[in-house]
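> next comes the sequence, and after it the predicted model I'd like to discuss.
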Amino acid sequence: MLRYHMQGFSGYGIQYSPFFDNKIAVASGSNFGLVGNGKLFILDIDNKGRMMESKSFLTQDGLFDVAWNELHESQVLVAQGDGTLRLFDIMLNDYPIAVFHEHSKEVLSCNWNLINKHLFVSSSWDGSIKVWSPARSSSLTTLAPRPNNAVHNNLHPSKNVPISSQKQHNALTKNKKCIYQAQFSPHDPNSVMGCCSNSYVTLFDLRQPSNSNQYSFLAHAGMETLACDFNKYRPYIVATGGVDNMIKIWDLRMVRKMSINSRQPMSVNEIGGHDLPVRKLSWSPHHSDILLSTSYDMTCKVWHDLSVENGKPTGKTNSVDPAKGCRLVFPHHTEFVFGADWSLWGQPGYVASTSWDGNVCVWYAFSG
Amino acid sequence: MSLCQPSGLAQFVAKNDQLQSTSVSQKHRFRADEPLNPTNVPLESRFRSPRELRLSDALPVPGQPLVGKRATSSLHAGDWSDEFSRMKIHDPLSFTSEYQQLYASYEKSQHSRSPDVSRQYPPTLQQFPSQRSTLMQRAPLSAQHTHQTSSGTSDNVLEAEYFDREFDELEREMSSDMHDDIEDPDVDEQGQSILELTAEQLKFQQAASEIHQRLSPGPQTPPALESKFQKSKFLGLMRGISDGVVTLKGADDDANKYTQLFSPTSGELVGNEYFPVADATLNNNGTS
């Protein structure tokens, strides 16, 4: 395991460079990202296996996510707490080369389109998803999940049922507009998925008019959905993670059909292996049935999706396995783990993770 | 005297005992080879002595009926002594004679060491401030009683004066300790600044309190997670914020813009210092 400590900063987002096998970008914030500066770290792994900082950019607010430009090997995009997205060139110093400012609140995620590489997407606390081009300072389009899908009650359609009336559950009913993550599909350049604090996951089709460009489904029983990811090999499979500590795997074909009929779809697999909410999910770039998760329980876990075998559904869920399909637990972080990413390079299975403890760790997911 | 001092009062008496044995006049310095003098023997022995009823009246002696005590006050000391020595009380629960002999020898060895031993424990009184209130309630009673019963001989007068002086000193010491405790209003005054938090700071405190409550280890928390929670710096910070020890600090140029954390009581910065960063790009600030 390799480790690098970001003195005074807590890690939020991390991504391997798509161009260099030894470069990692990390978005971080001081004071656990609550107040103060942010910092973009560019870390290099040398031939002796040491991880060191090759570049860093101090920002005036905390950074919550990072994405490498898929068209330019030295450009990195960050999502910042003041509502801006900033594009840095790691060959230059101090300042970003472009600032994109339309969000009115914290930008929580950013993701580069892997097919149409002239686009990137962002999601924010302000309840909107925006699609951008690095060549333009204003967004190309703004997507917003329809507000009427906040709570869908079939028995009493006119009445919204509160999730809980208990005082200790107050936090569950707050910030219902916040969109924690938005992501382009790696299979369809016009498909965007966003997960929201109202528990809904919404899929947008950029080609469709705004009145019919989306469908949604309730992913985590009313609890906030914090993370989502497209499977890299199965175009219809997505995974979501939520405040109910669950990872759920959905087949979008079923989801779309059910949502058109105003019915709640069922997940094809459920994994309940974290002790606290799931914060980040990432399907393996090398395997169609391996999934990485991070959690507030201060661990990263690697899962085997038992609902599929050799590309065919098995009809099983991970609950049939005594270990719930867990292949590895990475326990070495000492605070909430927010970011993790699979390495695209070399032997499949290397993972970089970052946590609020300020550590960036590189470890092997199949060592067990 | 037993080394165990179960109450503040017992500690106080022990201190008095020590003070007496190290009298300024050196008149009553205890020596193991001298015959026992009632004024310089340790307290427990004096409980048994008919001439030293001053403190024993203030202290309930286990196993000794209070009625008997009240009766002694109306008798001459000598008569009471004779009558008491003639009494034969059979206690079925008493220890065996062998044990009593062993205990007596143990007690003797302890008596010879008592001044040094009691010197080892003076901080005990400061370590348990909750016991001071008990001490404050009972001490004047024993002092008053000492005055009334020790007006016979000149030695006793000197001793009483010395005791008064030492007691006054002890009282001053305790009142200064009390004053230290009452200095809390200073903290409260500073705490007033905590109460005068802005709406944003209050919201921040409330959020931190919710987080701390939700993530505090409970009976269902797995052991591995519990130990991580106990070591978590973030949860420590949340506890500090919810307790009002830490809060948001406004920027120098804009008080409504919060950029740092600080302690409102000490004014010290908590966590990372904020460094202003110009909101510029390389294309428009000419640095490219």
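Looks like it came in fine. Residues are numbered from 1 along each chain as shown, chains lettered A, B, ... in the order given.
> buried set for stretch B:226-241?
Neighbour-count burial for stretch B:226-241, counted by 16 or more other CB atoms under 10 Å in any protein chain shown, picks out B:Lys228, B:Phe229, B:Ser232, B:Phe234, B:Leu235, B:Leu237, B:Met238, B:Arg239, B:Gly240, B:Ile241. Bear in mind the C-beta positions are built from the backbone N, C-alpha and C, glycine included.
> contacts for that stretch?
Applying CB atoms under 8 Å, 6 or more residues apart in numbering or on different chains, the external contacts of stretch B:226-241 come out as A:31-32, A:298, A:334-336, A:356-357, B:204-205, B:208-209, B:211-212, B:215-217, B:221, B:246-247, B:261, B:270-271.
> so for stretch A:286-302, mean pLDDT?
Taken as a whole, stretch A:286-302 has a mean pLDDT of 96.
> output that stretch as PDB, restricted to C-alpha atoms.
Only the C-alpha atoms of stretch A:286-302 are listed here, as PDB (Å, rounded to 0.1, in the frame of the first residue of the first chain):
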ATOM      1  CA  HIS A 286     -11.900  -4.300 -16.000                       C
ATOM      2  CA  HIS A 287     -14.700  -6.500 -14.700                       C
ATOM      3  CA  SER A 288     -18.400  -6.200 -15.200                       C
ATOM      4  CA  ASP A 289     -19.300  -7.600 -11.800                       C
ATOM      5  CA  ILE A 290     -16.900  -5.900  -9.400                       C
ATOM      6  CA  LEU A 291     -17.900  -2.800  -7.600                       C
ATOM      7  CA  LEU A 292     -16.000  -0.500  -5.300                       C
ATOM      8  CA  SER A 293     -17.700   1.500  -2.500                       C
ATOM      9  CA  THR A 294     -16.600   4.000   0.200                       C
ATOM     10  CA  SER A 295     -18.500   4.900   3.300                       C
ATOM     11  CA  TYR A 296     -18.900   7.000   6.300                       C
ATOM     12  CA  ASP A 297     -18.000   3.900   8.300                       C
ATOM     13  CA  MET A 298     -14.400   4.800   7.300                       C
ATOM     14  CA  THR A 299     -13.900   1.800   5.000                       C
ATOM     15  CA  CYS A 300     -13.600   1.000   1.300                       C
ATOM     16  CA  LYS A 301     -15.100  -2.300   0.200                       C
ATOM     17  CA  VAL A 302     -14.800  -4.300  -3.000                       C
END
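> that one close to chain B?
Yes: for stretch A:286-302, a contact with chain B is found by CB under 8 Å from any CB of the partner chain, at A:Asp297, A:Met298.
> only the buried residues of that stretch, if you could.
Buried residues in stretch A:286-302, defined by neighbour count with 16+ other CB under 10 Å: A:287-302.
> coming back round to it: need the buried residues of stretch B:226-241 in JSON lines (columns: secondary structure).
Formatted as JSON lines, those follow (DSSP: H, G, I helix; E, B strand; the rest coil):
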{"residue": "B:Lys228", "secondary structure": "helix"}
{"residue": "B:Phe229", "secondary structure": "helix"}
{"residue": "B:Ser232", "secondary structure": "coil"}
{"residue": "B:Phe234", "secondary structure": "helix"}
{"residue": "B:Leu235", "secondary structure": "helix"}
{"residue": "B:Leu237", "secondary structure": "helix"}
{"residue": "B:Met238", "secondary structure": "helix"}
{"residue": "B:Arg239", "secondary structure": "helix"}
{"residue": "B:Gly240", "secondary structure": "helix"}
{"residue": "B:Ile241", "secondary structure": "helix"}
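> pull the most distant pair out of those residues.
In those, the most distant members under the criterion CB to CB are B:Lys228 and B:Ile241, with 19.7 Å between them.
> who's in contact with the closest residue in space to A:Gly242 that isn't next to it in sequence?
Nearest non-adjacent residue to A:Gly242, counting by CB to CB, 6 or more residues apart in numbering or on different chains: A:His220, 3.1 Å away. The contact partners of A:His220, by CB under 8 Å, 6+ apart, come to A:Ser199, A:Thr240, A:Gly242, A:Val243, A:Asp244, A:Met246, A:Lys248.
> and the nearest residue to A:Phe184 once chain neighbours are set aside, what pLDDT?
Excluding its sequence neighbours, the residue lying closest to A:Phe184 (CB to CB, 6+ apart) is A:Asn113, at 4.4 Å. As predicted, A:Asn113 sits at a pLDDT of 97.
> does A:Asn113 touch A:Trp132 like I think?
No: taking contacts as CB atoms under 8 Å, A:Asn113 lies outside contact range of A:Trp132: 10.0 Å.
> can you count the residues close to A:Thr354?
Neighbours of A:Thr354 under the rule other CB atoms under 10 Å in any protein chain shown: 32.
> no no, A:Phe64
A:Phe64: 26 neighbours (other CB under 10 Å).
> what strand or helix carries it?
With elements taken from DSSP states H and E, the one containing A:Phe64 is strand A:63-68.
> was I right about A:Ser54 contacting A:Asp46?
No: contact criterion CB under 8 Å: A:Ser54 and A:Asp46 do not qualify, at 9.7 Å.
> tell me which of the two has more neighbours.
A:Ser54 (13 against 10).
> residue contacts, that one?
Applying CB under 8 Å, 6+ apart to A:Ser54 gives the contacts A:Lys23, A:Ile42, A:Leu43, A:Asp44, A:Ile90.
> got it, and A:Ser343?
Per CB under 8 Å, 6+ apart, neighbours of A:Ser343: A:Tyr16, A:Asp21, A:Tyr350, A:Val351, A:Ala352, A:Val362.
> coming back round to it: of the buried residues of stretch A:286-302, which pair is most distant in space?
Distance extremes for those: the farthest pair is A:Ser288 and A:Met298 at 28.2 Å, using CB to CB.
> hmm, back to that, partner strands of the strand holding A:Phe64, with direction?
Strand pairing for strand A:63-68, using DSSP bridges, gives strand A:75-80 (antiparallel).
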